[in-house]
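Colleague: Build the 3D model from these lines:
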Amino acid sequence: MIPSLDELQAAFLKLSAPNTPPPAGGGAQALPAEGAPTPPPPSPVQVVDPNVKGYHLDVTVAPDQVVAAAQIADQHGFAIDTVTGVDWMAAGQMEVVYDFFHPASPLHAVIRTRVPREHPELPTISNVFPGANWHERETHDFFGIRFTGHPNLTPLLLPEDATYHPLRKDFAGAP
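Modeller: As a prediction, this is how the structure comes out:
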């Protein structure tokens, strides 16, 4: 059965974390005029225009909710497409972006979470989506993000003795 966007939005809203940063890519936000009320933060679960974004649903969860979010995607028939990282060096954070697709429909969903850059760690989703295993290993290789509970977080593409992560913004070259 193909889920509706309303159904998916409701399922993911149950996980939403009020202190989770909004999805990246929204552009610079204008500051409210002095004395003006501060607008509420954007919803952590947003239905977006797939013609503009390339996906239908943008979900931001706390790091401890990534497994529950993956379970929701699995329960609604989604498959894992990719897992990658984003280095928000100036903010002192690393973002992990999980892309999902629905094989029986055109639906695509993105689940995001951010972790501190100095200790980038979150639980693996490879128990829910075994195909995430390789993606998490690649993300660990290139960004240094550790996926706790991963069955084999050894280097996938870098040399076995690599102590560097080439997609971090402060990477200066292999030793």
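
Colleague: Just say helix, strand or coil for Pro3.
Modeller: coil (DSSP: H, G, I helix; E, B strand; the rest coil).

Colleague: residues in contact with it?
Modeller: Residues in contact with Pro3 (Cβ atoms under 8 Å, 6 or more residues apart in numbering) are 76-77, 102, 107. Every C-beta, even on glycine, is put in place using the N, C-alpha and C of the backbone.

Colleague: Just the buried subset of the residues you listed, please.
Modeller: 76, 102, 107 (16 or more other Cβ atoms under 10 Å).

Colleague: List the residues that contact the second one.
Modeller: Neighbouring residues of His102 by Cβ under 8 Å, 6+ apart: 2-3, 76-79, 108-109.

Colleague: so what's Thr60 closest to, chain neighbours aside?
Modeller: Once flanking residues are discounted, Thr60 sits nearest to Pro44: 4.4 Å by Cβ to Cβ, 6 or more residues apart in numbering.

Colleague: I figured the one you found hits Val59, correct?
Modeller: Yes: at 6.8 Å, Pro44 and Val59 qualify as touching, with contact defined as Cβ atoms under 8 Å.

Colleague: Please identify every residue contacting each of the two.
Modeller: Phe12.

Colleague: Longest helix in this protein, by number of residues?
Modeller: If you go by DSSP state H, the chain has its longest helix at helix 132-143.

Colleague: For stretch 114-134, which residues meet the burial criterion?
Modeller: For stretch 114-134, by 16+ other Cβ under 10 Å, it's 114-115, 117, 120, 122-126, 128-129, 132-133.

Colleague: Of those, which is the nearest to Asp49?
Modeller: In terms of Cβ to Cβ, no member of the buried residues of stretch 114-134 lies closer to Asp49 than Arg114, at 23.5 Å.

Colleague: What distance do you get for that closest one to Pro63?
Modeller: Distance from Arg114 to Pro63, counting by Cβ to Cβ, to the nearest Å: 7 Å.

Colleague: One more: Phe171?
Modeller: 23 Å.

Colleague: So between those two, which is more surrounded?
Modeller: Per other Cβ atoms under 10 Å, whichever of Phe171 and Pro63 has more neighbours is Pro63, with 17 against 14.

Colleague: Report the contact partners of that one.
Modeller: 113-115, 121-123.

Colleague: Could you find the closest non-adjacent residue to it?
Modeller: Nearest one to Pro63, counting by Cβ to Cβ, 6+ apart, is Leu122 at 4.2 Å.

Colleague: and the one you found, helix, strand or coil?
Modeller: Leu122 - assigned by three-state DSSP - is strand.

Colleague: pretty sure it contacts His150?
Modeller: No: the criterion here is Cβ under 8 Å, and Leu122 misses it with His150 at 10.4 Å.
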